[in-house]
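Enquirer: Coordinates only, no sequence provided:
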């Protein structure tokens, strides 16, 4: 009900356009980040299989985590700009970039970089490793040809919701050292849990994150499998 109230309040006070604030950097990041982490899926998997001489679940998780972390390392500045645009309806992307750099230096574009990398690693590992392993089991043990993709969205949301909250808080805090509330991701998580309790890491966020990650995960894997098939590549 809380999310419905926020949704209706946004529509009433700011109009339908407010639901698409930060759309340009969000699409840019999705293309770059999504393309990189899925594109690195096979090379990373082969490299890790070769390096460790194994295809165990742990090796699969490690390879997926690396692909996600590396991808977000390259695209974090776009994520920072997206968050700023979502909080300021009248902001211009390049103007935001100049303001961020002028106040905090070029490094400010990588604000929240640590939690973002951890989140991306956890998200990619939970999505791809869960998908890969569940599909393998279902294909081997049953007559099903595809896994229940809905499961992957739930698993990813449970794992990444706390890191998503920490990342957003770090990206939104002021650049000035004297006004900074959190020193880093661990400090942010510690203060949130200490002041608001452990469930604050999920408070008001699980449904909102799942509403995005659930459909995104399902659409991503369905399209990826179909496109790989059309391109003559083996399925994931």
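Expert: Structure received. Note that the structure is predicted; figures quoted are calculated from it, not measured. Numbers count the residues shown, from 1 in each chain.
Enquirer: Count the neighbours of residue 218 for me.
Expert: For residue 218, the neighbour count with other C-beta atoms under 10 Å is 15. C-beta coordinates here come from the backbone N, C-alpha and C atoms, glycine included.
Enquirer: longest helix of the chain?
Expert: Taking DSSP state H as the assignment, the helix of the chain that covers the most residues is helix 57-87.
Enquirer: and it, what other elements does it pack with?
Expert: Under the contact criterion of 3 or more C-beta pairs under 8 Å, 6 or more residues apart in numbering; DSSP states H and E, helix 57-87 touches helix 23-29, helix 35-39, helix 41-52, helix 93-104, helix 113-124, helix 130-141, helix 149-172.
Enquirer: May I see these organised as CSV, with mean pLDDT, distance to residue 187 and mean neighbour count added?
Expert: Listed next are these as CSV, based on pLDDT from 0 to 100; distance: least, C-beta to C-beta, whole Å; neighbours: other C-beta atoms under 10 Å:
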stretch, mean pLDDT, distance to residue 187, mean neighbour count
helix 23-29, 80, 26, 17
helix 35-39, 81, 27, 18
helix 41-52, 79, 31, 15
helix 93-104, 87, 18, 14
helix 113-124, 81, 11, 23
helix 130-141, 68, 30, 16
helix 149-172, 73, 9, 21
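Enquirer: Dump these to a markdown table, plus distance to residue 76.
Expert: Formatted as a markdown table, the helices and strands packed on helix 57-87 follow (distance: least, C-beta to C-beta, whole Å):
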| stretch | distance to residue 76 |
| --- | --- |
| helix 23-29 | 9 |
| helix 35-39 | 12 |
| helix 41-52 | 19 |
| helix 93-104 | 12 |
| helix 113-124 | 5 |
| helix 130-141 | 24 |
| helix 149-172 | 9 |
